[in-house]
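J.: give me a model of this one.
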Amino acid sequence: MNRTPPDIIGSWLHSFEEDTGTTAVYRPHDHPFPPARRVRRGLEFRADGTFVELRPGPDDRPRPVTGRWRFLEDGRVQVTFPDGGAEPFELTVSRTDGMLTIAT
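T.: Okay, here's the model as predicted:
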């Protein structure tokens, strides 16, 4: 069965307060997050296939790592880093209004 992939285009920040035992929750970057003592990881999926992951750097400031993304099937997204910035990986994603969830 061929399903239409969810619209994941945009910039998302990890809402770790909402994580469950099986999913990581991301909200749009402009969501009113509560204050947090730890750095929020971020994901950006651009329409041109560019992927940007914000990871905590050595000084805890977010550090962008850029790659490429594409849909596979059944909600899976493949992320690669042609310049060798990180190891490739796959995500299983779903989208509801104002929330992106990633299976863990």
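
J.: only C-alpha atoms for contact and neighbour calcs from this point on.
T.: Noted.

J.: ok, longest strand in this structure?
T.: Ranked by residue count and defined by DSSP state E, the top strand of the chain is strand 62-71.

J.: where do the strands sit along this structure?
T.: Under DSSP E, the chain gives strands at 10-14, 23-28, 42-45, 50-56, 62-71, 76-80, 89-96, 99-103.

J.: reformat the ones you listed as TSV; add distance to Pro34, mean neighbour count and mean pLDDT.
T.: Listed next are those as TSV, based on distance: least, CA to CA, whole Å; neighbours: other CA atoms under 10 Å; pLDDT from 0 to 100:
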stretch	distance to Pro34	mean neighbour count	mean pLDDT
strand 10-14	12	20	97
strand 23-28	12	20	98
strand 42-45	16	22	97
strand 50-56	18	19	95
strand 62-71	18	18	95
strand 76-80	29	18	97
strand 89-96	21	16	96
strand 99-103	16	19	97
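
J.: can you name the residues that contact the residue lying closest to Thr101 once chain neighbours are set aside?
T.: Excluding the flanking residues, the one nearest Thr101 by CA to CA, 6 or more residues apart in numbering is Val25, at 4.7 Å. Val25 makes contact with His14, Ser15, Phe16, Glu18, Asp19, Met99, Leu100, Thr101, Ile102, according to CA atoms under 8 Å, 6 or more residues apart in numbering.

J.: and Val25, how far from Gly84?
T.: Using CA to CA, to the nearest Å, we find Val25 at a distance of 27 Å from Gly84.

J.: Phe33 too?
T.: In terms of CA to CA, Phe33 sits 32 Å off from Gly84.

J.: also Arg68?
T.: Counting by CA to CA - Arg68 and Gly84 are separated by 11 Å.

J.: with Thr96 instead?
T.: 32 Å.
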